[in-house]
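K.L.:
Here is a sequence with its predicted model. Questions after.
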Amino acid sequence: MKKVIKYTLTAAIAAMTATAASAATDTPDTVTQPVDTVLCVKNANCVVVTENTNGVSVDVRGVENDSEFQTSYTLAYDNNSVIKSRQSFAMPFSLKVDRCNDIVGMLQGVHFGFTGAVDAPSQMNTQMGKSFEIGIDNIIFYGHKFGASKRNMLSVGMGVNWRNYRMTGENRFDMDNGNAVITGYPEDADGKFSRIKVFSLTFPVSYTYYSPVKALGNSYLGFKLSALLNWNSHASMLTVYELADGTKVKENYDRIGQRKFSIDVMLGVQIAPAVSLYFKYSPYDLFKSDTASPRFQTISTGIALGF
């Protein structure tokens, strides 16, 4: 069943995809031909435009009230044609291949935020304004859109995250018989800072909803709820202080007994094209040992490029 609205091939390419392709025949005598309607479809569910050196094709799959409908049109290029093509991506930090209901992408969610400790001991003087995290939500990901409006999407991916807990004041992080503890600095020492840094390989499982409500920059307000499966492959501890005689001391530990596997819950809100805010909570203690004295959970919040 075909319902008709007139589209030229160039209009279909320009309006329905981010890739435009045009062909011009470079001959001595160019004759302007009238434009013919080559493909007419109304309310198409999915339009795929494919272009290569042989030509360009438009494949239409499904229309209103007929999900089985399919038609296509192919325009072959002449051997002496000059092909000009242009590609653009909607997000400066995200590369996507969108094939109707399925999306494969890279470099989505380059984020920076501040880290805070929840239920930490009183002597652990970490400040959220001095502790931070950076990372990429998805180095690579796969998403599947569903629902009649295609506003819903489930996705899985792989990313990385560096998280830093920085403490200043009279106390520092230290190790005691393989367990992390909080102690004071040596007598008459001038403590500079003490920090813990954790590197994680993350595997986000996300549900995204793109609402019809307009946000900044003519974009649509979007919401994302994610469970981040973390493999905390490396963590280190560094303390810097100065003794009374002016000697500078650095104490560094690479094996601090961090929990190897944890899960974070994250909520993201898209507020502008390629810009989102996020809030993240980890209910797991950073250290796996029950004898480690700084027992605390983690929150973080910040901004991400790509959604």
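P.N.:
Structure's in. What do you need? Numbers count the residues shown, from 1 in each chain.
K.L.:
The host helix or strand of K192 pairs with which strands, parallel or anti?
P.N.:
Using DSSP states H and E, K192 sits within strand 190-214. Sheet partners assigned to strand 190-214 using DSSP bridges are listed as strand 152-167 (antiparallel), strand 220-242 (antiparallel).
K.L.:
a markdown table please, covering the ones you listed and showing mean neighbour count.
P.N.:
(Glycine included, C-beta is placed from N, CA and C.) A markdown table is the format used below for these (neighbours: other CB atoms under 10 Å):
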| stretch | mean neighbour count |
| --- | --- |
| strand 152-167 | 19 |
| strand 220-242 | 17 |
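K.L.:
which other residues reach stretch 234-248?
P.N.:
172-175, 180, 185-186, 188-199, 249-254, 256, 258 (CB atoms under 8 Å, 6 or more residues apart in numbering).
K.L.:
Among those residues, name the buried ones.
P.N.:
172-175, 180, 185, 191, 194-199, 253, 256, 258 (16 or more other CB atoms under 10 Å).
K.L.:
Of those, which pair is most distant in space?
P.N.:
Y185 and F199 (26.7 Å; CB to CB).
K.L.:
now the strands paired with strand 190-214 as TSV including distance to Y77 and mean pLDDT?
P.N.:
Shown next, in TSV, are the strands paired with strand 190-214 (distance: least, CB to CB, whole Å; pLDDT from 0 to 100):
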stretch	distance to Y77	mean pLDDT
strand 152-167	35	97
strand 220-242	37	96
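K.L.:
and stretch 112-121, how far from the chain's centre?
P.N.:
Remark: stretch 112-121 is offset 22 Å from the chain centroid, using CA atoms, centre = their mean, to the nearest Å.
K.L.:
scratch that, stretch 149-156
P.N.:
15 Å.
K.L.:
how close does the residue nearest the centre of the chain sit to R195?
P.N.:
The centroid of the chain falls nearest to G109 when counting by CA atoms, centre = their mean (2.4 Å). Going from G109 to R195 by CB to CB, to the nearest Å gives 25 Å.
K.L.:
got it, and T301?
P.N.:
19 Å.
K.L.:
before we move on, what about F296?
P.N.:
14 Å.
K.L.:
One more: S233?
P.N.:
Taking CB to CB, one finds S233 at 18 Å from R195.
K.L.:
ok, now L107?
P.N.:
Taking CB to CB, one finds L107 at 28 Å from R195.
K.L.:
for H111, same thing?
P.N.:
Taking CB to CB, one finds H111 at 20 Å from R195.
K.L.:
do the same with I103
P.N.:
38 Å.
K.L.:
thinking S282 is in contact with F296, fair?
P.N.:
No: at 9.8 Å, S282 does not count as touching F296 under the criterion of CB atoms under 8 Å.
K.L.:
who's more crowded, these two?
P.N.:
S282 (22 against 17; other CB atoms under 10 Å).
K.L.:
beta partners of that one?
P.N.:
Beta-bridge partners of S282, as defined by DSSP bridges: T298.
K.L.:
what's the helix or strand hosting G302 in contact with?
P.N.:
Assigned by DSSP H and E, G302 belongs to strand 297-305. Contacts with strand 297-305, where a contact means CB under 8 Å, 6+ apart, come from 91-94, 109-119, 132-133, 137, 163, 264, 268, 274-286.
K.L.:
Would you list the buried entries among the residues you listed?
P.N.:
For those, a neighbour count by 16+ other CB under 10 Å gives the buried set as 91, 93-94, 109-111, 113-117, 132-133, 137, 163, 264, 268, 274-278, 280, 282, 285-286.
K.L.:
Quickly note the distance from P186 to K150.
P.N.:
When distance is defined by CB to CB, P186 is 62 Å away from K150.
K.L.:
May I ask you to confirm that Y284 belongs to a strand?
P.N.:
No: assessed by DSSP: H, G, I helix; E, B strand; the rest coil, Y284 does not belong to a strand; its assignment is coil.
K.L.:
so who does it touch?
P.N.:
Y284 neighbours (CB under 8 Å, 6+ apart): R259, S262, I263, Q297.
K.L.:
So which of the residues you listed is the closest to V205?
P.N.:
For the contacts of Y284, the nearest to V205 is I263 (10.0 Å; CB to CB).
K.L.:
List the buried residues in the helix or strand encompassing that closest one.
P.N.:
Using DSSP H and E, I263 sits within strand 261-272. By 16+ other CB under 10 Å, the buried positions in strand 261-272 come out as S262, D264, M266, G268, Q270, I271.
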